[in-house]
Structures are given as structure tokens and as C-alpha cells.
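Novice: Predicted model and sequence below, questions to follow.
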2 protein chains.
Amino acid sequence: MKIAIAQLNPTIGDLTANTQAILKVAQDAAQTGTQLLLTPELSLCGYPPRDLLLKPEFIDAMRSKLDELATSFPPSLTALIGFAERNPNAEEKGEKPLYNSVALIKNNHVKQIFHKRLLPTYDVFDEARYFQPGNLPNHFTLDHVQIGVTICEDLWNDEEFWGKRAYDVNPIADLAALNVDFTVNLSASPYTMGKQTVREQMLQHTATRFNQPIIYVNQVGANDDLIFDGGSCVVNKDGTLCDRLPQMQEYSRGVVWDEQTFTAVATPAVRLDESAELYAALVLGVKDYARKCGFKQALLGLSGGIDSAIVAAIAAEALGAENVLGILMPSPYSSDHSITDAVALAANLGIKTQTVPIAPMMQSFDSSLAEMFVGTEFGVAEENLQSRIRGTLLMGIANKFNYLLITTGNKSEMAVGYCTLYGDMNGGLAAIADVPKTKIFALCKWLNRTIEVIPTNIITKPPSAELKPGQVDQDSLPEYEVLDDILERFVQNHESPQQIIAAGHDRPTVEKVLRLIKIAEFKRRQAAPGLKVTDLAFGTGWRMPIAQRWG
Amino acid sequence: MKIAIAQLNPTIGDLTANTQAILKVAQDAAQTGTQLLLTPELSLCGYPPRDLLLKPEFIDAMRSKLDELATSFPPSLTALIGFAERNPNAEEKGEKPLYNSVALIKNNHVKQIFHKRLLPTYDVFDEARYFQPGNLPNHFTLDHVQIGVTICEDLWNDEEFWGKRAYDVNPIADLAALNVDFTVNLSASPYTMGKQTVREQMLQHTATRFNQPIIYVNQVGANDDLIFDGGSCVVNKDGTLCDRLPQMQEYSRGVVWDEQTFTAVATPAVRLDESAELYAALVLGVKDYARKCGFKQALLGLSGGIDSAIVAAIAAEALGAENVLGILMPSPYSSDHSITDAVALAANLGIKTQTVPIAPMMQSFDSSLAEMFVGTEFGVAEENLQSRIRGTLLMGIANKFNYLLITTGNKSEMAVGYCTLYGDMNGGLAAIADVPKTKIFALCKWLNRTIEVIPTNIITKPPSAELKPGQVDQDSLPEYEVLDDILERFVQNHESPQQIIAAGHDRPTVEKVLRLIKIAEFKRRQAAPGLKVTDLAFGTGWRMPIAQRWG
């Protein structure tokens, strides 16, 4: 049996385009004698559709598109298509209004429908907001082969692998007990650093434990803050990895099932190493946000610093250097290297630049506020003014020419509020908001592995906001190695202050950092969507009150 | 039996202060011979604690505080205290990590613990993110009286009242079957316009249907975007309302249980009428956000328009007129009345003002951008520049003097994006972001019912952003009556475009408005928290993708 894995990049809510993309791979697959086509979770509408699911006409349209797709499907091809389905018993039984479903299309009809059983409600996931869990094992027969069907989270409850249960049932155990020949998993699993390794280890563990070959089909492409990384793969029951599709690319190919074993038809794609994977993910994130929102061009402020440098490189890779505009906005406090480094970067990348000195605006604001500010010292208010003048210039240019403004703050500064709301935080997308500063250094070094992309001086000089003479980040913050370790422990790992101190950090530093995190919540609440690359990003998976007094 | 209802206003996460507040009402109650004290849902930590619940040390501290509270409690007093409790079986059974619990304190010990059974996951609620539902009816005995315990949502599943079920079980039905004498409901139910009416109708229906007297104890006070309105009440089994506590105020008082009936010890508080209730809610929202974030003073831009006028009145009421500063920022496009109306308003309210003309900043930005903008027409970019100059001035003043900047946009303009990101949207709290423009007119008229608070010209002149000569809102938008009706149908009621057109709106207007709503999503994502006053506010209960192509 030949099975095609369609690692698709849907646009949320674009039912017509998503259906066409499925039909295209279906036709290609049918021509090469494929019997079964697999698509990702909710492949008709894209994942996550979020509150579009609350619109009844959206649910109706999705069902119509599914029936239309079935009718126009190659008759020889069977397929699994993800869609959100109305739960007809919701109001009578007191259940959730929808199911997260998979339709089995066969002989041009929807023959069976399967319901996702395990619904994640942690981090960025809100599936209990919309969906009723299915309560039966999902499987079907094709050419005398028994095939189990699981949807994403259904496969993520192996208490042996995780050391604990997250749900009371384990769908793969049920399927194994029913002696299905193999199991497919239709997923939309967001990228985080290191996740592909965990996924493959988990799939290999599960295949071995339950003696179950598994085909794992993941969505690819970015939707707002979430990057789906593809990396679909096929594991045999002895745990060997039979095939892997490329990461970060829309891609389809087949695998052959014969005598209880999968055989690849091509060499498995190579796993990207950590920095290559992170860079490719960020490029995909910028590219898809721009494309799916209808932007062809982007701009950003170039400060001569490392954050704007890496974002410029990402944007140039994502959109083409000719579509990226860097704006240099020196102030009287700017160092000479802020200009020369930015210019050198732009030359390396081949992007255009414009320079707009901010002194005239600083002077007009200072004069206008002089009377109110009389007798006060230069301080944070004046530093922020510079940042907001720059943010206003950038938005003016973005508005005038319909460019996407990409904002350049990193996770370390977003955490402690070392950034100006309505200033350098301005932008439609925050490309590196979830990348800690120490990782940004690593990423720049990786990017420079063969030729110098990021000018060396940008990497080696001390980070500075240059909002007052001689300022460097470490005037206000601990060393980034220290800061990032505290952040990882506190934000990602939910360690208590006592645990972080016990791990070797000094108490005053820990207390300062945690206090800064807390009082910066109001800034983060108004931040642009930031591409998620860690297990816990500030954004949809971080739901912290502002007016609170814990800690 | 004398029972005290403590309608408390906790600060999220402030376990010490919240415990002290409970102890204070407990001591007062004990002195007047009260036997049972009732507090709201999660009264120890305040509702909603959101992701503070993911911190293990927070959960541990809450349990310690509960035990400490029990020890220091008046020995004669029994009480129900809300807290989040660790679920010890979570990892073994695959359950959620916590329960939304109520502790029964009696004889200085925690004698029983009850678990919330119905966990809301719609709108602003994410309880499935944290909590395992309880699966048993909750009740206890005090002086031979059988008392049923329900927690907030536990009482909101009456299929007779709602016409449908939202959950498979109905806790009050279980308690009625067990013949409890009466049932208490410990709530944290957020205010929306008209909700108190619905609550009382529902309580009266439920009491009658199940022959169950009910005491409903609601939290009061605002936490970020949510305003809890109190209005705790007592209903006898024939459905008569025996007592009602004041809305929008922290308040405690007793009720007497005797011979199967509750008797009030004071005259029930009068229900506020719609405008009075809305105004009081917004005042509470501003007051508590400022207080709980540590601000004593606030500022806002005064444009001479109706939105900033009503927000200035709310802020003056919330913080005291002497703590509110209005900033007038006229441009060359400003009308004379923009100044005279703002000055008249400030005089009526008794708030201070400062005037900062923005022409110098406009000129410096125009000059600095002239080369890049050469050959383009005056347009949205230039309009936004003015708004961002004003936003930057306001933030400069707020930063300098540690004032809370309150932003003044209304729901109608937030819906269609008739507002400038990083401009007039700037601020820590959006006081009227969920109030449609038509309601703002009504609110101003109500506010002027005895004396003129809002100058009449502010109410009667055509709304205008004054960002270009002669501009009025209706150049770009339908009449507000039309716009607000479309918005209510689309946003609140989830009507389809077809349904809205069928209701009598013309197709081009509907299509335009819905398109504007869709393309303004990126602005709303970065908006300040807005006080929620309708059933569906843009904010935590509105989770719409940005990069999407539906509709």
C-alpha cells in the first residue's frame, strides 16, 4: 500500500485555498498509484482557528467544503482530512459544541468521522473552549489493513515516556489492544527548540512499547505567533525511523506499507541542527505572517545592535533583501559605530536603508515639555521619548508605504521590561521576542559560519540602548548569561525564587529580576505577537494578571 | 441561624491582605453572634488568579494561609473560604493539577473541602486550563441544618432557564435530591450590562424549580479587564428575593435562617438602573486598576470630544478630581471648540489641565520625513503621526510623574480600527473600550441628569478625530446607531453577514464594517486591557487570529 504524507501549510480560515491545496496533492498522489493520503490536523481550516470556531457559518462552510472536496476527489484515493465538526448533541447533553474531527474520504464520500480524544488546555492550547473529546478508539480498514487514527495530542499521554499521565486514557493503547496494523497521527504541533528530538524519541518509544508502526503528519507554516515545523516522520514497530520529511517546508511524499513494515521511497530529510532549525523557523515565521497578512515588504529600525541585525537577516531571507528597508535613526547619544555597523550590515545583506536623525524631534518634544518638566532630572521619561520618536517614525513610514514593521526586541529584554512600550516595541510582528539574548549571540555566530553576514563588531561590542551617553545594558541588568538562566528557571520551569537561589544565583539579583518581570507585565500585554520558539513564550501561552501582588 | 455574607474585594495574589480582610469580617461577624460566614469563590487569592496558579509555591502558600486563617479564626464561627487546592492524584490518574475548592473552617480546623463541579471554558474563562472538576454533590451540616455548597458556574446549568444544557450534570439538582435545607453559591461572576437581572431571574427560577433557598455571594472589585459587581443576594424557595447587597461596593451583612426561610436584617439594597450601574462599574474598574497597580494619579488626553469627556468624569470620580490631569494637545486642524469644550469640562469636573500644542512636533516629523514622503498625498500616515505625537507626549508625562495614562477609545472605534495604534490607543487601562458609542451618549445624558457635568456642546457636536480639516467620523463610518447594531449582531451574537443583512442593514455597509473589524485585529491585539461591560468584549474573551482569511 502506498501512502502519501501531505505536510501542508494552510492559511487559517481560507477554506477555498486550503481545499485546493489538498486537492492538488491528492491528484498528484493518485497519479503515482497512492491509495491513502494523510493531511494534518484541521487541514481544511488550518490550526489554530481559535474563535473563528464560534461562528456557526464557518462551521457550516467547512462541512460544505469537505463534501465538495469528497466529490471532486480522485476516486481511487482514500484520504484523511481534518475539520471542525458540529456536535449535534451538544445542547441536549450539555457537551461542547464541536469535535476536532478527521473525515475518511473514500469512493468520493465521507465514509467515517473520527474525533480527537485528548484535548490540550495548557500553554497556547484552548481546545476545551471549543471541542468535546471523542470517547472511542478511531480506526478503519483499507485493503484489509486495519489503520488506527489519532489526532495530535492523542499520542502525547505515554506515562512511561513522560513519567506521568496528563489524561485518563491513552488512545494508542486502545488501538494496540484492537490489533490495528499501524496508526497514523494527524498533527498540528508547534515548533519549539528541541521539540523534534522529543517528538521522534516519543514516537520511537511508543512504537516499540505498543508494537505499533506510526506515521506522524505535522502541519507546517506559521500562524501568528505559532510556527509549525513539519518534520513529519514514519516509525516502524521496532522503533526505527523509516522516513522524515523536511522541516519548515511544505512538502509531500509517499511511504510504502508492506508486510507489516514501512519502507521509505526516498532518503529521509536530514534533521537541522539547533541554530539552523531556529533560524529556519524564524524565517518561516516572518515569511508566513507577511504573506498571510498580505505584506510584500517590511521595514525595521537598524540601531547597529545585534537584535536588529539578526532580525534584518531573517527578514531579508524571508522576504528577499530587495523587500526589506532598514531605517537608521541616530540621536546625539548614538555612537559612531551605531551608524557604521548598521551600514555594514545592510551592505552584507543587500537591503536598502534610509537615515532619519531624531534630534529635531527630540528638540521639539523637549521644548514642548520643558515647562511641565522644569526642575526634573533627565531620566526614563526622556529615554523613552527617544524610543517613541523612533517608533513613530517607523510607523509613519510603514503606514505611508504599506510595509510590515518588524519589531526587534528579544526575550530577555521583554521579560524584564528593558524596552519601551510604543517605542522600540512597535511593530506588527516581534520576530525574536521569544529568543533569549544568549541564543541571539549563538545564532549570529552560526550565521557567520562561512562568511560574515553580521559584522563582527555588532557581535562583540557591549549591548547598549544608547538612550543616554555611555549607557550599556549591564548598567541596569545582570550579565545576560545570568539573566537568561534565571529567566529559564522562572518562566519555563516554574521554579520558585528559593529554588533559583539554591541553584547558585545570588538573592538580590534573583529578587531584582523577578520584580522586573512582574512590573513589566503591562508592557508585555500590549506587545506585538512574538514568534514562539521555547516551551513557554510571553504571548498566548502566558496568562498573567497585571494588577496582582504575588511575589 | 445567623449567616454573614462577605462581599469582598480581594487583590489577586495578595494572600496576606486577603486573609486579613476575611479575618476582619469574621471577627465582626462573630461579635454579633453569627454562626456561618460566606466568602466569594477563591476568596483567599482573588479571582481570576490565571497563571499564578501554575506556580507550585503559590499553591503551597495558599494552603498555609488557609491553615493559618483557620487557627486564628473566631472559634464560634464556621466559614466557607475559597482557595485553589492541589489535586494529589493528578499525575497518577491523568487529571488536572488543581481543584477550585472551598474549605469549611469549623472549630479552628479545615473540616471539609468541596470541589467546583462545572468549570467554564467560554469567553474570558479558562478553568479547564487549571482545574479538575469535582464529581460529588457538596454539602455539610451545621446545627442540624443541611447546607449545600455550589461554586459559581455550578449554578449556571439550568436547561429550563437557558433552553439548553452547558454541562452534563446539574449540581443543584443533586443537592435538592439529597434534601439539603438550603444551598449557598460562592461566586466570582463578572459584571456585564444587564447581568444582575439575569442572575436574579435565574436564582429565582432555580429556587422555585428545586424548592431550594439560595444564598448567592459574589466577589466585588475589578481585576484588570474584569469588573466584579457584587450584588450578592438571598432568595427563598418560593423565589422571593429576601435580600440584596449593594452593587460595586465591598460590603458584608447578615441574614437569618429560621423555619426553612431566610429573613433579611436590613432593607435590600436598591438595584442600580442601567446607566447608574454602568457608570459605577467603570468607576470601580478605574479605581481598582489604579489602586491595585499602585497608582494614585491619572492623566488623559482631553480632545474636547465625548469619549475623553466621559473618561475624565469616570477618572475624577474614581481617583478624586485633584488626582486627574487632563492634557490638551491642539493641532492646526483642531477646532476652537476642541479647546473651549475641554476647558469647560475640566472646570465642571474640577480637574487640572495642561496644554501642549503639537504643531512643533508635527513640523519636525514632517521635515524629517519630507524626503521619504516626497510626491505622496496627505493621508492616514500623516493623520496617525498627529495621534502618535499626542500619545508620546502623554506617555512622557505619565513616565515623568508616575501617572496612570487612561486611554479613551470606545468599543465602536476599537471594532473598526478607527483609532491609532501607539497613538490614542496608548495607556495602561482602556476605560470605555467595551462601551459602544451610542451607550456613551446615553451615559453622558444620564450623567447630566441634574446638573451639567459634560458640557452640552460636547454631546451635541458631530464626533470628529480632527486629524484633517473638516473631518467628522461619519466621513469614514456609518452612523453610530447603524454601526453599533451591526457590531452587536456580529460580535456579541455571532450572527452571519447574511443574518445581519436580513435584519435590515444594507449589504455594502455590512461588508465594509465586517472587513474593517477583520483588518483591525492587529491593533486590538496590542490594545490596553479594556474594562469588560458586555457579554463579549475585545480582550481576554475574544481570541481571533490575525493572519486569517475567513469572511
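Specialist: Ah, there it is.
Novice: Check the offset of stretch A:468-485 from the chain's centre.
Specialist: From the chain centre to the centre of stretch A:468-485 is a distance of 28 Å (C-alpha atoms, centre = their mean, to the nearest Å).
Novice: That one near chain B anywhere?
Specialist: No: judged by C-beta under 8 Å from any C-beta of the partner chain, stretch A:468-485 stays clear of chain B, getting no closer than 14.4 Å. Glycine gets a C-beta too; all of them are placed from N, C-alpha and C.
Novice: again with stretch A:155-166
Specialist: Yes: counting by C-beta under 8 Å from any C-beta, contacts between stretch A:155-166 and chain B involve A:Asn157, A:Glu159, A:Lys164, A:Arg165, A:Ala166.
Novice: List only buried entries from those.
Specialist: A:Asn157, A:Arg165, A:Ala166 (16 or more other C-beta atoms under 10 Å in any protein chain shown).
Novice: Can you get me a residue count around A:Val220?
Specialist: 26 (other C-beta atoms under 10 Å in any protein chain shown).
Novice: can you list the domains in chain A?
Specialist: Following automatic domain parsing, chain A resolves into domains at A:2-271, A:277-473, A:478-519.
Novice: Kindly check the end-to-end length of the last one for me.
Specialist: Taking C-alpha to C-alpha, to the nearest Å, the first and last residues of domain A:478-519 lie 17 Å apart.
Novice: Distance from the chain centre to that domain, please.
Specialist: How far domain A:478-519 lies from its chain's middle: 25 Å, per C-alpha atoms, centre = their mean.
Novice: Return the backbone torsion pair for A:Arg155.
Specialist: Let me fix one detail, which is that residue A:155 is Leu and not Arg. As for A:Leu155, its main-chain torsions (degrees, to the nearest 10) stand at phi -100, psi 0.
Novice: what does the one 10 residues further on give?
Specialist: As for A:Arg165, its main-chain torsions (degrees, to the nearest 10) stand at phi -90, psi 150.
Novice: What's the local residue count around the closest residue to it other than its chain neighbours?
Specialist: Closest residue in space to A:Arg165, ignoring its immediate chain neighbours: B:Gly94 at 3.2 Å, by C-beta to C-beta, 6 or more residues apart in numbering or on different chains. Number of residues near B:Gly94 (other C-beta under 10 Å) recorded here: 17.
Novice: can you pull the pLDDT of the residue in chain A sticking out farthest from the centre?
Specialist: Among residues of chain A, the one most distant from the C-alpha centroid is A:Gly375; the distance is 47.6 Å, by C-alpha atoms, centre = their mean. Each residue has a pLDDT score; the one for A:Gly375 is 96.
Novice: Let me know the helix or strand that it is in.
Specialist: Assigned by DSSP states H and E, A:Gly375 falls within no helix or strand.
Novice: Next, the angle from the longest helix anywhere in chain A to helix B:380-401.
Specialist: The longest helix of chain A (DSSP state H) is helix A:380-401. Interaxial angle, helix A:380-401 versus helix B:380-401 (axes from the mean of the first three to the mean of the last three C-alpha atoms, to 10 degrees): 170 degrees.
Novice: can you pull the buried residues of helix A:380-401?
Specialist: Buried residues in helix A:380-401 (16+ other C-beta under 10 Å): A:381-400.
Novice: Ok, stretch A:367-378 next?
Specialist: Quick answer for stretch A:367-378 (16+ other C-beta under 10 Å): A:Ser368, A:Leu369, A:Met372, A:Phe373.
Novice: Select from those residues every entry located in helices.
Specialist: Per DSSP H, the buried residues of stretch A:367-378 map to helices at A:Ser368, A:Leu369, A:Met372, A:Phe373.
Novice: Chain B next: which of those are close?
Specialist: For chain B, the contacts drawn from these by C-beta under 8 Å from any C-beta are A:Ser368, A:Leu369, A:Met372, A:Phe373.
Novice: Tell me the secondary structure at A:Asn457.
Specialist: Classification of A:Asn457 using DSSP: H, G, I helix; E, B strand; the rest coil returns helix.
Novice: Can you give me every residue that contacts it?
Specialist: Applying C-beta atoms under 8 Å, 6 or more residues apart in numbering or on different chains to A:Asn457 gives the contacts A:His337, A:Asp341, A:Ala344.
Novice: Contact residues of the stretch 201-350 of chain A facing chain B?
Specialist: So the stretch 201-350 of chain A meets chain B at A:Ala222, A:Asn223, A:Asp224, A:Asp288, A:Tyr289, A:Lys292, A:Cys293 (C-beta under 8 Å from any C-beta).
Novice: about what we covered before: let me know the pLDDT of the residue nearest to A:Arg165.
Specialist: 97.
Novice: Do I have it right that A:Leu421 meets B:Thr392?
Specialist: No: using C-beta atoms under 8 Å, A:Leu421 is not in contact with B:Thr392; the gap is 11.0 Å.
Novice: For whatever helix or strand A:Ala347 lives in, buried residues please.
Specialist: Under the criterion of DSSP H and E, A:Ala347 resides in helix A:336-349. Neighbour-count burial for helix A:336-349, with 16+ other C-beta under 10 Å as criterion, is recorded at A:Ser338, A:Ile339, A:Asp341, A:Ala342, A:Val343, A:Ala344, A:Leu345, A:Ala346, A:Asn348, A:Leu349.
Novice: Kindly report the same for stretch A:84-104.
Specialist: By neighbour count with 16+ other C-beta under 10 Å, stretch A:84-104 contains the buried residues A:84-85, A:87, A:90, A:94-104.
Novice: restrict the buried residues of helix A:380-401 to contacts with chain B.
Specialist: Counting by C-beta under 8 Å from any C-beta, the members of the buried residues of helix A:380-401 near chain B are A:381-382, A:384-385, A:388-389, A:391-393, A:395-397, A:399-400.
Novice: Relative to A:Lys296, how far out is A:Leu325?
Specialist: Remark: distance between A:Leu325 and A:Lys296 (C-beta to C-beta, to the nearest Å) = 12 Å.
Novice: the more surrounded of the two?
Specialist: Remark: of A:Leu325 and A:Lys296, A:Leu325 carries more neighbours, 24 against 12, as counted by other C-beta under 10 Å.
Novice: of all of the stretch 451-551 of chain A, which residue lies closest to chain B?
Specialist: A:Trp550 (2.9 Å; C-beta to the nearest C-beta).
Novice: related to what we said a few turns ago, output the contacts of A:Asn457 as JSON lines; include the columns distance to A:Leu241.
Specialist: Shown next, in JSON lines, are the contacts of A:Asn457 (distance: C-beta to C-beta, whole Å):
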{"residue": "A:His337", "distance to A:Leu241": "48"}
{"residue": "A:Asp341", "distance to A:Leu241": "44"}
{"residue": "A:Ala344", "distance to A:Leu241": "43"}
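Novice: who touches stretch A:65-83?
Specialist: Here stretch A:65-83 makes contact (C-beta under 8 Å, 6+ apart) with A:15-16, A:19, A:22-23, A:26-27, A:29-30, A:34-45, A:47, A:62-63, A:100-110, A:142, A:149, A:151, A:184, A:186.
Novice: Weed out the non-buried ones from those residues.
Specialist: Buried, going by 16+ other C-beta under 10 Å: A:15, A:19, A:22, A:26, A:29-30, A:34-45, A:47, A:62-63, A:100-106, A:110, A:142, A:149, A:151, A:184, A:186, out of the contacts of stretch A:65-83.
Novice: Out of the residues you listed, name the ones that lie in strands.
Specialist: Among the buried ones among the contacts of stretch A:65-83, the members falling in strands (DSSP state E) are A:36-38, A:100-106, A:110, A:142, A:149, A:151, A:184, A:186.
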